[in-house]
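Colleague: Here is a sequence with its predicted model. Questions after.
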Amino acid sequence: MNPLIHETTGGRRVVRLTPGKRVLFLTKDLSKIREQLAGSADLSMADVDPADLLDDINTDTMTPAWVCFRHKPEDIALDAYAGLCDEAGERVFAPEALSSANFEVIVSGQRKGTGSSRETAPQAERWSGVSLVVARSFAPIHGRNNVNLGQLMGTYEQLERLQAGEEIPLEELTGHYDPITRAILEAGGLFPFASKFAAGEVDVPNPQTPARPMNMTERILASKLIGARPGAHVKPDDLCLVKVDGGYSHEFTTAQVHWFLAREYGEDYQVPDPSKFAVFEDHLLYATGVARMAPFTDNIETLRRLQKEFQAHTGVRDYSAQDGVSPGICHQIAREEFVDPGDFIQATDSHTCMGGGNNALTYGVGATEYAGLLYSGFTFVKVPEAIRFELVGELDRGCTAKDVMLFILDTHAKAEDTLDRVMEFGGPGLASLSMDERATLCNMATECSAKSGICEGDAIAAEWLAARRDASAEQIAATFVAPDPGAEYAGGVHTIDLSSIVPMVAEPGDPTYGKAIADLEEVAIDIAYGGSCTAGKEYDLDCYAQVLAEALEAGRKVAEGVSMVVQFGSKAVRDYADAKGYLDVFERAGVTIIEPGCGACIGCGPGVSDTREQVTISAINRNFQGRSGPGRLYLGSPLTVAASAVEGRIVAYRPGMFRASVSV
C-alpha cells in the first residue's frame, strides 16, 4: 500500500503527509529546484504560482536512455531526472539527488510524462521515495504507469490542503477513477491488485452498455470482451476485461519484464500463448559506436543477455540481430508481419500506435502492465474517448504525412484536443496516402499525447496487407473495422484539407513547437538524419532518393560540412531500396547508409550530435533536448531532410528546385 495512505481508528482511509518529509516543486526557474535539492529552500503550494511550474516534462528528461540501461528500479532511481539540464548543459539533479533529499511529493505543470512510454520514469520517482505526484495533467501512458505502480496523483488544491496539515479522505484522490483503476491504486499497484483478482476478491463485470453506434476503437474493444455476450457494445469510460491479441518488447524493456514476471510468479512462470508476441533487438545495436555510450557497454550486454534468456524461456517470436544486423525496428516489422485489422496489440514502447495504420488498435504500456497481460493473456481497459480527423484533398508534392502531424501537433495537440484520446483517421483524402504515410499518422499520435491512432481500411490497405499475409485482398478486406454511422467522438470531428498543408518543422525542444518553413529564419545544419520507425519505411526511402537523384542530375550532392545518414526501418525496406537502385543514389550523393535499427532516434548510433553547437534536421518523431545528442534538433519530413542536406540549411523541398542551381 502507498505509505501516504493511513487507516483511522474509525476505519476510514485518509492521505496525509509524513512529518519531516518534503515536497519538491519543479519550477521553470531551475535555480529554485537546485535550492530545494540542496536543502536550502522549502516551498509551499500556497506560495507557488502554477504558471511557474515546468510543463511537458518528458520521460527522456526523467530517465534518459542511458539510465534505462539498468533494469532494476532501485538502480534506475539513482539517476532520476538526469536529463533535466540548464542552458550550459549541466545536470540540475546530481546522482542520487532525488533519493537522498527526503522528498515524498513532486509537483509540476501540464502534461507530465509526455514522450516515451518508459515506465522507468515513474519508477525513478517511486524508488526515490516519492508517493504522490501532482500536476495539472498527465500524459496518458505515464498516468497509467503511475497507477500500475500505485503512485497517487493529486491536484494543486489537494496539495495545498495537505501542506496545511489536513488529512484528505483517500476517495478524494481516487474516487474520480473507474472502480478497477481505483482498486489498483488503493492496492498499491497492478501486481497487488492482480493477486486480489486471482483470489476472487475483485470482480470485473462486463459493461451493460445498450446498443449504440460505435467508432473503430469501441468496436475493436467490444469484440475482445472476455465472457461477454455476442454483439456487446461499449462506450467511453466503460471498464473492460479484454483479450490482447499480441505484443512485443525490445532490449530496452524485456529484461525488466522478465525480472517482474520472475519476481511475481516465480522463476518457472509460463506464457500461455506466445504465438503473436515477440522480442526485438533494435534499439541498442549501434550504442557501442557512440562515444558517450561507452561507459554503459556492460549494462547493454546484460540487457541483451536477459532478453535472450526471456525469449528462450517463453518461446515468443525472436527478432534478434544476426551477426550484428537487426531484422528491423519493432514497429515496422510488426506492421509488416503480424499486426492485422481488428487486432488489439500492446507493447512496451510508445510508438506501438504505428500499427494503427493497419486498421488495428495498438498502443504502448509500461513493463508492469505488459508483464501482467503477457502472463494472463488479457488486460484491464477503460474505453478511451476518440477524436476524428476527416481528410480531404491531396498533399502538395513538397509535403508528406509528417507535415500533417506537425500541423496537428501545433494546433490540436497544443489545445489538448488529442490528450488521452484515440485519433481516428478517415475520409476521402486518406486514399491519397500510402500505407507507409498512414503509419506515420498513427506513429506520431503519441507525440500528440493521444492514446493511439487508427486508420480506416480500404482497397489500398487490403492490397498492401495481402502482399504480406497468407490471404487475398478480399479476405483481408472482410476483416476491416469501420466506424458505425453516427459514431460519437468526444474530441469532435475535424476536417483537414491536405492541399492546405505546408512544409513544416518542429523547433528544438518539443514536437509541438511547430512552424512553417516559410516563416523560419535561415538555419544552417550540420547533420541530416533519415530513419527511425517514423521515417525508415519504403515511402520515406522514395522521398530521400527522389530529392537526392534530382540533386545529382543538377550536379549537386550533400553539402560540404553536412553529414547525412539514412537508416532503414527493416531488412525488407533495405531490400526494397536496393532493388530500386537507391543505394547507388545515396552513395553517389555522399550519404552514410546504416543497417536497420533505431539508431540516432534513441541517441544510439550515427547521426547523433556531438556538441551543443551542432544543428540537426531529422525525420524522427521527437526532439526532446538530449534525446539525439546535445545539439539543437529540428524535426522535418523526409523531403525536407534530404533537400536541407543538399542546401546545407533547412529548406522546404520543391520539385525541380535544384535545376536552377546548374550553372550555364
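Modeller: Everything's here; your move. Numbering: from 1, shown residues only.
Colleague: going forward, measure contacts and count neighbours with C-alpha atoms only.
Modeller: Noted.
Colleague: ok, Pro655 - contacts?
Modeller: 397-398 (Cα atoms under 8 Å, 6 or more residues apart in numbering).
Colleague: Around Pro213, how many other residues sit close by?
Modeller: 16 (other Cα atoms under 10 Å).
Colleague: Give me the pLDDT value at Thr114.
Modeller: With respect to pLDDT, Thr114 scores 89.
Colleague: And Ile141, by the same measure?
Modeller: You'll see Ile141 listed with a pLDDT of 83.
Colleague: that's a helix at it, yeah?
Modeller: Yes. Assessed by DSSP: H, G, I helix; E, B strand; the rest coil, Ile141 belongs to a helix.
Colleague: Point me to the helix or strand that includes the residue lying closest to it once chain neighbours are set aside.
Modeller: Counting by Cα to Cα, 6 or more residues apart in numbering, Ser117 is the residue found nearest to Ile141 once chain neighbours are left out, at 5.9 Å. Assigned by DSSP states H and E, Ser117 belongs to no helix or strand.
Colleague: isn't Ser117 right up against Thr352?
Modeller: No. Judged on Cα atoms under 8 Å, Ser117 makes no contact with Thr352 at a distance of 9.6 Å.
Colleague: joint contacts of these two?
Modeller: With Cα under 8 Å, 6+ apart as the test, Ser117 and Thr352 both reach Gly364.
Colleague: neighbour-wise, which of those two wins?
Modeller: Per other Cα under 10 Å, whichever of Ser117 and Thr352 has more neighbours is Thr352, with 33 against 29.
Colleague: so the nearest residue to the more buried one once chain neighbours are set aside bridges to which residues?
Modeller: Spatially, and ignoring its direct neighbours in sequence, Thr352 is nearest to Tyr363 (4.8 Å; Cα to Cα, 6+ apart). As for beta bridges, Tyr363 partners with Gln346 under DSSP bridges.
Colleague: any idea how far Tyr363 is from Asp268?
Modeller: Using Cα to Cα, to the nearest Å, Tyr363 is found at 28 Å from Asp268.
Colleague: again, but for Glu456
Modeller: For Glu456, the distance to Asp268 - Cα to Cα - is 42 Å.
Colleague: now Leu441
Modeller: Counting by Cα to Cα - Leu441 and Asp268 are separated by 41 Å.
Colleague: So for these two, which sits in the more crowded spot?
Modeller: Using other Cα under 10 Å as the criterion, Leu441 and Asp268 rank with Leu441 on top: 30 against 9.
Colleague: I'd guessed that one sits against Ala450; true?
Modeller: No. The pair Leu441 and Ala450 does not pass the contact test of Cα under 8 Å, sitting 11.8 Å apart.
Colleague: quick check: domain ranges of the protein?
Modeller: 5-198, 216-382, 386-500, 504-661 (automatic domain parsing).
Colleague: List every C-alpha atom in the top helix by length along the chain, with coordinates, as PDB.
Modeller: Criterion DSSP state H: the longest helix present in the chain is helix 297-314. Taking C-alpha atoms only, helix 297-314 is exported to PDB below (Å, rounded to 0.1, in the frame of the first residue of the first chain):
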ATOM      1  CA  THR A 297      28.700  -1.400 -22.500                       C
ATOM      2  CA  ASP A 298      28.300  -3.900 -19.700                       C
ATOM      3  CA  ASN A 299      24.800  -2.800 -18.900                       C
ATOM      4  CA  ILE A 300      23.800  -3.100 -22.500                       C
ATOM      5  CA  GLU A 301      25.200  -6.600 -22.700                       C
ATOM      6  CA  THR A 302      23.200  -7.500 -19.600                       C
ATOM      7  CA  LEU A 303      20.000  -6.300 -21.300                       C
ATOM      8  CA  ARG A 304      20.800  -8.400 -24.400                       C
ATOM      9  CA  ARG A 305      21.600 -11.500 -22.300                       C
ATOM     10  CA  LEU A 306      18.400 -11.200 -20.300                       C
ATOM     11  CA  GLN A 307      16.300 -10.700 -23.400                       C
ATOM     12  CA  LYS A 308      17.700 -13.900 -24.900                       C
ATOM     13  CA  GLU A 309      17.000 -15.700 -21.600                       C
ATOM     14  CA  PHE A 310      13.400 -14.400 -21.700                       C
ATOM     15  CA  GLN A 311      12.800 -15.500 -25.300                       C
ATOM     16  CA  ALA A 312      14.200 -19.000 -24.700                       C
ATOM     17  CA  HIS A 313      12.000 -19.200 -21.500                       C
ATOM     18  CA  THR A 314       8.800 -18.100 -23.100                       C
END
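Colleague: Any idea how far it is from the middle of the chain?
Modeller: 23 Å (Cα atoms, centre = their mean, to the nearest Å).
Colleague: if you average pLDDT over that helix, what comes out?
Modeller: Rounded mean pLDDT across helix 297-314 is 93.
Colleague: likewise stretch 447-462?
Modeller: On average, stretch 447-462 scores 97.
Colleague: swap in stretch 17-31?
Modeller: pLDDT averaged over stretch 17-31 gives 97.
Colleague: start at 383 instead
Modeller: Sure thing, new numbering starts at 383, so read that last one as stretch 399-413.
Colleague: need the next SSE after the helix or strand harbouring Cys622, C-terminal direction.
Modeller: Element membership for Cys622 (DSSP H and E) is strand 621-625. Counting by DSSP H and E, the next helix or strand C-terminal to strand 621-625 is strand 628-632.
Colleague: Now do that following strand against helix 679-696, angle only.
Modeller: Using axes from the mean of the first three to the mean of the last three Cα atoms, to 10 degrees, the direction of strand 628-632 lies 150 degrees away from that of helix 679-696.
Colleague: what is the rounded mean pLDDT of the longest strand anywhere in the chain?
Modeller: Longest strand in the chain by number of residues, with DSSP state E as the criterion: strand 768-774. Mean pLDDT, strand 768-774: 98.
Colleague: how would you label Cys986: helix, strand or coil?
Modeller: With three-state DSSP as the criterion, Cys986 reads coil.
Colleague: For the stretch 683-832 of the chain, just list every one of the helices.
Modeller: 712-719, 749-758, 783-790, 817-825 (DSSP state H, counting those that start in this stretch).
Colleague: Could you give the number of residues near Phe451?
Modeller: 23.
Colleague: I figured it hits Glu683, correct?
Modeller: No. Using Cα under 8 Å, Phe451 is not in contact with Glu683; the gap is 9.3 Å.
Colleague: and the helices of the stretch 683-832 of the chain, which one's lowest on average pLDDT?
Modeller: helix 749-758 - the lowest mean pLDDT of these, at a mean of 92.
Colleague: quick one: that helix to strand 628-632, angle?
Modeller: 130 degrees.
Colleague: tell me what helix 749-758 is packed against?
Modeller: helix 522-530, helix 572-580, helix 636-647, strand 760-764 (3 or more Cα pairs under 8 Å, 6 or more residues apart in numbering; DSSP states H and E).
Colleague: switch the cut-off to 10 Å
Modeller: If you count contacts as 3 or more Cα pairs under 10 Å, 6 or more residues apart in numbering; DSSP states H and E, helix 749-758 packs onto helix 522-530, helix 572-580, strand 621-625, strand 628-632, helix 636-647, strand 726-729, strand 760-764.
Colleague: what sits against the nearest residue to Arg500 once chain neighbours are set aside?
Modeller: Residue nearest to Arg500 in three dimensions, not counting chain neighbours: Gly748, with 6.0 Å by Cα to Cα, 6+ apart. Applying Cα atoms under 10 Å, 6 or more residues apart in numbering, we find Gly748 in contact with 498-504, 523-524, 526-528, 530-531, 635, 639, 728-732.
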